[in-house]
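>>> next comes the sequence, and after it the predicted model I'd like to discuss.
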Amino acid sequence: MRRRNYVHSAEHRFFFALLMNVNGRQRILGLVRRCFPKQSAVKTVVDWIEELASTKAYGSDEPNALGIENFGDEHLLVLEGLLNNQTLPRIQKEMRNIYKGMKSQEANNQIRAVYDSLLKAPVLKPLLAYK
């Protein structure tokens, strides 16, 4: 994974090392919890992902250090739900407030698209695995 070369922060490099070497949400969150016991592991990971999503991968055509196009706040909210073991319907219900101007089905489709994009992102597959 060359993405680790895009970042210099020790915490971000640690996170990429976890993604390269550990498979499974609970295992990764457990290791984060062990290394950063005073912080919520989910919040720590979501913060790191937010920072990496705004980090340009210099010398690369990638949109950011994660390689995820159009990464926004809705991605962070869905990701937080996933890391907290929420189901898609629950995430959709909680996020409908963000999409107040849309019809319910339209909002659900939008949230589903974000959900699917996160599950398909190669860099996040180890984190989102249920192992």
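Yep, it's here.

>>> what stretches of this protein score poorly on pLDDT?
Filtered on pLDDT under 70, the chain yields the residue ranges 1-8, 57-58, 131.

>>> show me where it has its strands.
Per DSSP state E, the chain carries no strands over any range.

>>> centroid residue for it?
Central residue check for the chain by CA atoms, centre = their mean: the C-alpha nearest the mean position is that of residue 79, 4.8 Å away.

>>> ok, now which ones touch that residue?
46, 49, 118, 124 (CB atoms under 8 Å, 6 or more residues apart in numbering). All C-beta atoms are positioned from the backbone trio N, CA, C, and that covers glycine.

>>> distance of the residue nearest to the last one when sequence neighbours are not counted relative to residue 44?
This points to residue 124. Spatial nearest neighbour of residue 124, chain neighbours left out: residue 118 (5.9 Å); criterion: CB to CB, 6 or more residues apart in numbering. Look at residue 118 and residue 44: by CB to CB, to the nearest Å, they are 18 Å apart.

>>> cool, thanks, talk later.
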